[in-house]
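Curious how this folds, go ahead:
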Amino acid sequence: MFPHRIETTIAEKGVLHLESLPFESGDEVEITIHKQTAMPARRGKRTVGEYVGKIHMSDDFDASLPDSFWLDGPD
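Got it, this is the predicted structure:
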């Protein structure tokens, strides 16, 4: 199964016509329709140092992870 994305505009009376789709006759497909909305405006230009003191990295960030992390088991 592969996704196929198409953008279109709904016609009068809520009618939607789909043509020339890359599927064979008899293929079962799922159709999901999302209304497009405008992206929220950016709050402004970012500045250097804006997040100083707001981000914390653990002291053991570079430490080895236990085998259980990789093997999906208890410590």
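
Residue ranges in this structure under the pLDDT threshold?
For the chain, the stretches flagged by pLDDT under 70 are 1, 73-75.

could you redo the last one with a cut-off of 90?
1-12, 14-24, 29-47, 50-51, 55-56, 66-75 (pLDDT under 90).

the helices in it, which residues?
Remark: helices assigned in the chain by DSSP state H are 67-71.

any idea how far Gly53 lies from Asp60?
20 Å (C-beta to C-beta, to the nearest Å). All C-beta atoms are positioned from the backbone trio N, CA, C, and that covers glycine.

do Gly14 as well
According to C-beta to C-beta, Gly14 and Asp60 sit 57 Å apart.

now swap in Thr37 and tell me
Relative to Asp60, Thr37 is positioned 42 Å away (C-beta to C-beta).

Please apply the same query to Ile33.
47 Å.

Asp72 now?
Taking C-beta to C-beta, one finds Asp72 at 21 Å from Asp60.

What count of nearby residues applies to Ile10?
11 (other C-beta atoms under 10 Å).

doesn't Leu16 make contact with it?
Yes: taking C-beta atoms under 8 Å as the definition, Ile10 is a contact partner of Leu16 at 5.7 Å.

give the contact list for Ile10.
Leu16 (C-beta atoms under 8 Å, 6 or more residues apart in numbering).

Pull up the gap between it and Gln36, please.
Taken as C-beta to C-beta, the span from Ile10 to Gln36 is 11 Å.

can you check Ser58 too?
40 Å.
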